[in-house]
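*Asks:* Using only what follows, build the 3D model:
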Amino acid sequence: MNTRRLVFIFIILGLLMIGVCGCTMNNINNQNVNQSDVLLNERQKEILIARGLPTGYAELTSTQKRVIITIEEMLVHAENKYGITVKYISYTAKSWSDAEHVTMCTIDDNNHTFSVTKTQDGYIDDYIAVAVVKDYENYVCNAMKQFLPTAEIKVFATITKTTLAAIPKLENAFDGATEAAIWILVDGIACSDAEFQNFINMSKRFLSDHSLYSSVQFIRLKDCLVDQVEKSTFEDFLSDKFYYARELVYINK
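*Replies:* Modelled structure (predicted):
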């Protein structure tokens, strides 16, 4: 009985020693990773400097190390995927209301601002939705002008979803490939109530026939205000004191 107890005790001691050695080896390995000589590139260093953080990788906290590596991965993701050069704008950590993402902009005349988001399956982005919006607005606006040629018309849009994988060369590539919020502003002096309603009906038919799925606001502005409206300011003119009529319609699948 005593012999069996001794054997059992030796076995337990042996298992404990293996566990301790394993933990020690894991700690050593982790220390090696933390103290490794990781070289940050100039873009990463600029991001750290802007936030008053050290530019030496070993001097960062574990969270800072993970974030600065993730930011660069997201920037490189966009550059490699679309053949563009981007500039970092901001980083948003994962929370109950937000997914982890980086906001960036292209370094070119377009200065497109978009986000890359981290998911369980990798990275997703909204670059195409941002990059094509001007062409989309022109496509819709040119069509709308056919239905009310005597009035000044401006179209602004936000593309909320698209299956496009690249910037299209033909306008009809948008058909069935986008979902958007659209604002169509019309010079109310140049059309009557009846003409405006007819314009809405014809526009709805065009959008539906071309599968341009969207929520669309038609606004008939007062006093030639449409001349003053720009993409950056159009929401200031959505108050009822600025328009004669406003109608919301949905173009559904």
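
*Asks:* Show me where the stretch 151-253 of the chain has its helices.
*Replies:* With DSSP state H, counting those that start in this stretch, the ranges of helices along the stretch 151-253 of the chain come out as 193-209.

*Asks:* If we ignore the residues flanking it in sequence, what's nearest Thr150?
*Replies:* Nearest non-adjacent residue to Thr150, counting by CB to CB, 6 or more residues apart in numbering: Ala190, 5.2 Å away. Using the backbone N, CA and C atoms, a C-beta is placed for each residue, glycine as well.

*Asks:* Kindly provide the distance from the one you found to Val76.
*Replies:* According to CB to CB, to the nearest Å, Ala190 and Val76 sit 50 Å apart.

*Asks:* just to revisit the earlier point, residue contacts, the residue nearest to Thr150?
*Replies:* By CB atoms under 8 Å, 6 or more residues apart in numbering, Ala190 lies in contact with Leu148, Thr150, Ala151, Glu152.

*Asks:* And for Phe237?
*Replies:* Listed by CB under 8 Å, 6+ apart, the contact set of Phe237 reads Leu185, Ile219, Leu221, Leu225, Gln228, Val229, Tyr243.

*Asks:* Give me the domain ranges for the chain.
*Replies:* 42-126, 132-251 (automatic domain parsing).

*Asks:* First-to-last residue distance for the longest one?
*Replies:* Which is domain 132-251. 20 Å (CA to CA, to the nearest Å).

*Asks:* Equivalent analysis for the shortest one, please.
*Replies:* With CA to CA as the measure, domain 42-126 spans 26 Å from end to end.

*Asks:* I'd like the distance from it to the chain centre, please.
*Replies:* 13 Å (CA atoms, centre = their mean, to the nearest Å).

*Asks:* what separates the residue lying closest to Lys94 once chain neighbours are set aside from Asp187, distance-wise?
*Replies:* Leaving aside its sequence neighbours, Lys94 sits nearest to Glu100 (CB to CB, 6+ apart; 4.1 Å). As judged by CB to CB, Glu100 and Asp187 stand 45 Å apart.

*Asks:* more crowded one of the two?
*Replies:* Applying other CB atoms under 10 Å to Glu100 and Asp187 shows that Asp187 carries more neighbours, namely 21 against 16.

*Asks:* Low-confidence regions, the stretch 151-253 of the chain specifically.
*Replies:* Across the stretch 151-253 of the chain, nothing is flagged by pLDDT under 70.

*Asks:* ok, back up a step: can you flag the buried ones in the contacts of Phe237?
*Replies:* Buried subset of the contacts of Phe237 (neighbour count, 16 or more other CB atoms under 10 Å): Leu185, Ile219, Leu221, Leu225, Val229, Tyr243.

*Asks:* From Thr158, how far out is the fifth one?
*Replies:* Using CB to CB, we find Val229 at a distance of 16 Å from Thr158.

*Asks:* Same question for the last one.
*Replies:* Tyr243 sits 20 Å away from Thr158, taking CB to CB as the criterion.

*Asks:* just the strands in the stretch 101-250 of the chain please.
*Replies:* 101-106, 113-119, 122-125, 153-162, 178-187, 213-221, 243-251 (DSSP state E, counting those that start in this stretch).

*Asks:* Format those strands as CSV; extra columns: distance to Val86.
*Replies:* CSV is the format used below for those (distance: least, CB to CB, whole Å):
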stretch, distance to Val86
strand 101-106, 4
strand 113-119, 9
strand 122-125, 10
strand 153-162, 19
strand 178-187, 23
strand 213-221, 28
strand 243-251, 33
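
*Asks:* Can you give me every residue that contacts the nearest residue to Thr113 once chain neighbours are set aside?
*Replies:* For Thr113, ignoring the flanking residues on the chain, the nearest one in space by CB to CB, 6+ apart is Cys105 at 4.4 Å. When contacts are counted by CB under 8 Å, 6+ apart, Cys105 touches Val86, Lys87, Ile89, Asn111, His112, Thr113, Phe114.
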